[in-house]
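>>> All I have is the shape, not the residue letters:
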């Protein structure tokens with residue numbers, strides 16, 4: 001499997017992952033899954049403007065029933 005530690009590149013994840021011969025771990029989905037498993041309800045997001053303005057973390061967190069605070 002593949003892991004890309006760069007959050008911003010995950011804005012293109014949906015275009016790249018399906019074409020890859022190896023499975024990718026989506027960093028925001030993994031964070032969301034761990035946050036939910038640990039009982040968190042809300043996570044604060046800090047990062048570059050490109051990341052904070054994107055839907056990468058809000059979408060992944062919402063899918064787990066979690067709130068994203070920017």
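Looks like it came in fine. The model shown is predicted, which means the values in this text are computed figures rather than measured ones.

>>> Leaving aside the residues adjacent along the chain, what's closest to the residue nearest to the spatial centre of the chain?
With distances taken as CA atoms, centre = their mean, the residue of the chain nearest its centroid is residue 28 (1.7 Å). Leaving out its chain neighbours, the residue that sits closest to residue 28 by CB to CB, 6 or more residues apart in numbering is residue 60, at 3.7 Å. Just so you know, the C-beta spots here come from the backbone N, C-alpha and C atoms, and that holds for glycine as well.

>>> can you give me the strands in this protein?
2-3, 24-25, 42-44, 67-69 (DSSP state E).

>>> quick one, which residue of the protein lies the farthest from its center?
Farthest out in the chain is residue 21, which, by CA atoms, centre = their mean, sits 20.9 Å from the centre.

>>> Quick check: that residue vs residue 27, distance?
According to CB to CB, to the nearest Å, residue 21 and residue 27 sit 20 Å apart.

>>> Looking at the strands of the chain, which is nearest to residue 32?
Residue 32 lies closest to strand 42-44 among the strands of the chain, at 8.1 Å (CB to CB).

>>> Show me what counts as buried in that closest one.
Across strand 42-44, burial judged by 16 or more other CB atoms under 10 Å covers residue 43.

>>> Who are the packing partners of that strand?
Packing partners of strand 42-44 (3 or more CB pairs under 8 Å, 6 or more residues apart in numbering; DSSP states H and E): strand 67-69.

>>> For the strand it packs on, buried residues please.
residue 68.

>>> do stretch 26-33 as well
By 16+ other CB under 10 Å, the buried positions in stretch 26-33 come out as 26-29, 31-32.

>>> still on that earlier bit, possible to save the strands of the chain as a markdown table with distance to residue 50 and mean pLDDT?
Putting the strands of the chain into a markdown table (distance: least, CB to CB, whole Å; pLDDT from 0 to 100) gives the following:
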| stretch | distance to residue 50 | mean pLDDT |
| --- | --- | --- |
| strand 2-3 | 20 | 90 |
| strand 24-25 | 19 | 92 |
| strand 42-44 | 17 | 97 |
| strand 67-69 | 16 | 96 |
